[in-house]
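Colleague: Structure of the sequence below:
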Amino acid sequence: MTDVKKVIALNRLRAQMLDEEISPAQKQYYLELAQWLENQNIQTAEEATESIKNTPYYDGAALAKELDGIHLRIRAARELGYEDVEKIHLQRREKLLSKGLQAYAFSQEWIDDYNRAQEASVRYMERKEVFGRIFRAYIRICGSPQREHRLEAVRDLKAALSDLEQMGVTFEELVHQKAYRQLTMTTEEGMARFIAFVEEFRKTGTAAGAVDLNHLKEEQERIGRWAKEHAAQLIAVGKQEQWDRASCIAVPSDDPMGYDFIAMKEVKV
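Modeller: Below you'll find the predicted structure:
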């Protein structure tokens, strides 16, 4: 095998080792370089190095590496829903392809564009932190059994909405963007309730959707009293062993939603 054939084989091996999803530009570069060298009438590695001078292959490896770096940033921004960041990196790729490595990648414009993308990413992260506080406060307001915790959550919600306002952005602007919606990991129906709750809160300043759950303590005490009064019956059920079914006792409830407590004996087969 001649030296140039070894170079060709090495480039094809490099291409084979590169993942097309992660490094498409570099993979393409090494495949095309191997094919180009194969079509040249050269025998040595030195001749191969000399022959690629004044061709796109001379700095093609460095260009491909930068393109793949931008490619990964575009993919990441798209997955996160960072539309502004994705747009900047798409512009960077177009500039790199049109202006070339020397004219763009080693210029102040390259640095400025990179910094713009970073600043846009930071804005997303700052807003996501506040948006997350809004959603957590909403969950606590609607789901916490203790009034003190709900009142604290109301204060947190007010503070988070105020922080958004100071950032120069509104809840309505963010809630329809992927970057923020996916933080909630909720259904469309759940998202609709969340949006309606926050919009009503902003208009009225009150948590109209919150349910007063102070009665839970009273209900728990009532269930405890009932269990003591019917202890013998509960113990008897616990001693039973039946086939193909389970025994249970349901505590009667004044709540129209159903039962408060069910004691069950699992079937032993």
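
Colleague: Flag the shaky bits of the stretch 51-200 of the chain, pLDDT-wise.
Modeller: Within the stretch 51-200 of the chain, no range satisfies pLDDT under 70.

Colleague: would you list every one of the helices in it?
Modeller: 60-80, 83-99, 108-143, 147-166, 171-175, 178-184, 188-204 (DSSP state H, counting those that start in this stretch).

Colleague: mind putting the ones you listed in a markdown table, mean neighbour count and distance to A15 included?
Modeller: For the C-beta atoms, the positions are set from N, CA and C on the backbone; glycine is no exception. Listed next are the helices of the stretch 51-200 of the chain as a markdown table, based on neighbours: other Cβ atoms under 10 Å; distance: least, Cβ to Cβ, whole Å:
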| stretch | mean neighbour count | distance to A15 |
| --- | --- | --- |
| helix 60-80 | 18 | 11 |
| helix 83-99 | 17 | 20 |
| helix 108-143 | 16 | 27 |
| helix 147-166 | 15 | 48 |
| helix 171-175 | 16 | 43 |
| helix 178-184 | 17 | 34 |
| helix 188-204 | 14 | 44 |
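
Colleague: Please name whichever of the ones you listed is nearest to Y30.
Modeller: Distance to Y30, taken as Cβ to Cβ, is lowest for helix 60-80 among those, at 7.9 Å.

Colleague: and Q233, which of the helices of the stretch 51-200 of the chain is closest to it?
Modeller: The nearest among these, by Cβ to Cβ, is helix 108-143 at 33.3 Å.

Colleague: From the contact counts, what lies against the closest one?
Modeller: With contacts taken as 3 or more Cβ pairs under 8 Å, 6 or more residues apart in numbering; DSSP states H and E, helix 108-143 sits against helix 60-80, helix 83-99, helix 147-166, helix 171-175, helix 178-184, helix 188-204.

Colleague: Please repeat the previous calculation with a cut-off of 6 Å.
Modeller: helix 83-99, helix 147-166, helix 178-184 (3 or more Cβ pairs under 6 Å, 6 or more residues apart in numbering; DSSP states H and E).
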